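In: generate a structure from the sequence data that follows.
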Amino acid sequence: MDAGSFTYFNKSQSRNPLQEQIIRRRSSHENLDRFIPNRSAMDFDFARYMLTDGRVEKEETGVISPSREAYRKGLKEIFNMNRTRILAFKNKPPSPVKGLLSESISFGQQSKPVKARRHISQSSERILDAPDLLDDYYLNLLDWGSGNVLAIALGNTVYLWDASDGSTSELLTIDDENGPVTSVRWAPDGRHIAVGLNNSDIQLWDSSSNRQLRTLQGHQSRVGSLDWNNHILTTGGMDGLIINNDVRVRNHIVETYRGHHQEVCGLKWSASGQQLASGGNDNLLHIWDRGMASSNSPTQWLHRLENHTAAVKALAWCPFQSNLLTSGGGGADQCIKFWNTHTGACLNSVNTGSQVCSLLWSKNERELLSSHGLTQNQLTLWKYPSMVKLAELRGHTSRVLFMAQSPDGCTVASAAADETLRFWNVFGAPEAAKPAPKKDPFSNITHTCIR
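Out: Numbering: from 1, shown residues only. Reported below is the predicted structural model:
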């Protein structure tokens, strides 16, 4: 060590505080200050030349001739002497193994594949006439079954449109005394269908044989909303009652929910079959729990939600979050609301600017489709959860009252008060479907009309 680098003291010498502080600081960082070159990576001959010979040559001659400069340059190229760094602190890193890392990886960051933006057609792919379609906001006259057959009620008649071949057939016609038809709903098997009537009856039909299986009674006025929970058919009427009917037994009424004091116009069971959402013309949204229904208080709701300021008809359960429910309000409300049905909390509310008639979740994307009344009479596609508008589909000239989704989740059928039925390729490509075991809740029903 160079003696000039530090000040040394013998035992007899005294140190002032500043000197002691400097000595302690240098001692504590001694290991950090010692940079030891990698001698195996050094070229001492080249270093000596650069430090001495080159400078001496310039000092002796003053000017280097062009020929000598060219000669020296050639020597550097031959002996790989055209370098700038003299001391090397680290060996040159080895070349990367080809194929070990992708060429798209840079500094530890891997580029993610960019998903191509899906094209959303702004026009309907097919238009069918729907004469005598009732312009009634509180009814539910359109449904698309798992058998890929669309059912639509036009006046007193229910028609079936087979999407596989485009054929149309008539399922039933009700006389004027009992009609018109006020609701239709396919059973999960895609073969049987429930039909609600203006006279308060509900008929069950077998679509494969065009035969009526039975008639269910229990309401005092028209039945405008229906939904299935396996073998339980839930019905909602203008009398404000919600009735669970077990279609397998003669005494079919198993539970009755009382909470609405005006017409029940929206009914939807959750995918688990545990919770039922009901909306009414009294601006109320109720969440019912089957666990509570089977207890001593069968008529007690789980949540009574009063946030809407108009009739609540549009209801849709989220397919990827079991406790997320979406509801839409009528003309005086115009809002789409999102609910946590476990807690009853309103998670978000979006004012759409027009009457919300129906709601559908995409089965393939995190998207929500809503249909509306005045002034645009449009279908609006929303990105969830940002609720950014992805597209607005126009073509109907009157309010779009009903929507139904194809079994593969791609196509949406919309029926409007302009008496047309339009088909839109609005949602993304379907995912690979997993075969599910078929259940037949009608195995115990005899093919006779039981009243």
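In: excluding covalently adjacent residues, which one is nearest to Q274?
Out: What sits nearest to Q274 in space, not counting adjacent residues and going by CB to CB, 6 or more residues apart in numbering, is R290, at 5.5 Å. From N, CA and C alone the C-beta is placed, and that goes for glycine too.
In: so P188 belongs to a strand, correct?
Out: No. Counting by DSSP: H, G, I helix; E, B strand; the rest coil, P188 is not found in a strand; it is coil.
In: buried residues in stretch 365-385, which are they?
Out: 365, 367-373, 376-382, 384 (16 or more other CB atoms under 10 Å).
In: picking that back up, the residue nearest to Q274 - how many residues pack around it?
Out: 20 (other CB atoms under 10 Å).
In: from R394, how far out is T420?
Out: T420 sits at a distance of 13 Å from R394 (criterion: CB to CB, to the nearest Å).
In: which of the two has more neighbours?
Out: Per other CB under 10 Å, whichever of T420 and R394 has more neighbours is T420, with 20 against 15.
In: so what's that one bridging to?
Out: D129 (DSSP bridges).
In: would you agree it is in contact with R126?
Out: No. Under the criterion of CB atoms under 8 Å, T420 is not in contact with R126, lying 10.4 Å apart.
In: secondary structure element for A70, which one?
Out: helix 66-78 (DSSP states H and E).
In: okay, and for the protein, where does confidence drop off?
Out: 1-64, 75-116, 292-299, 430-451 (pLDDT under 70).
In: what about 50?
Out: By pLDDT under 50, the low-scoring segments of the chain are 1-15, 17-33, 86, 99-108, 294-296, 446-451.
In: please parse it into its domains.
Out: As assigned by automatic domain parsing, the chain contains the domains 17-93, 126-425.
In: make JSON lines from those and add distance to R117 to it.
Out: What follows is the domains of the chain, written out as JSON lines (distance: least, CB to CB, whole Å):
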{"stretch": "domain 17-93", "distance to R117": "41"}
{"stretch": "domain 126-425", "distance to R117": "10"}
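In: single out the most deeply packed of those domains.
Out: With neighbours defined as mean count of other CB atoms under 10 Å, the domains of the chain peak in mean count at domain 126-425, which reaches a mean of 19.
In: first-to-last residue distance for that domain?
Out: 10 Å (CA to CA, to the nearest Å).
In: stretch 325-345 now?
Out: 11 Å.
In: ditto for stretch 337-345
Out: 10 Å.
In: ok, Q321 to N178 distance?
Out: 41 Å.
In: make that P407, sorry
Out: Distance from P407 to N178, by CB to CB: 31 Å.
In: cool, L233 as well?
Out: L233 is 19 Å from N178, by CB to CB.
In: got it, and Y159?
Out: Where N178 is concerned, Y159 sits at a distance of 18 Å (CB to CB).
In: also T380?
Out: In terms of CB to CB, T380 sits 37 Å off from N178.
In: again with H252
Out: 19 Å.
In: swap in P66?
Out: In terms of CB to CB, P66 sits 114 Å off from N178.
In: G280 now?
Out: 24 Å.
In: please apply the same query to W317.
Out: 32 Å.
In: same question for E365.
Out: For E365 relative to N178 (CB to CB), the value is 42 Å.
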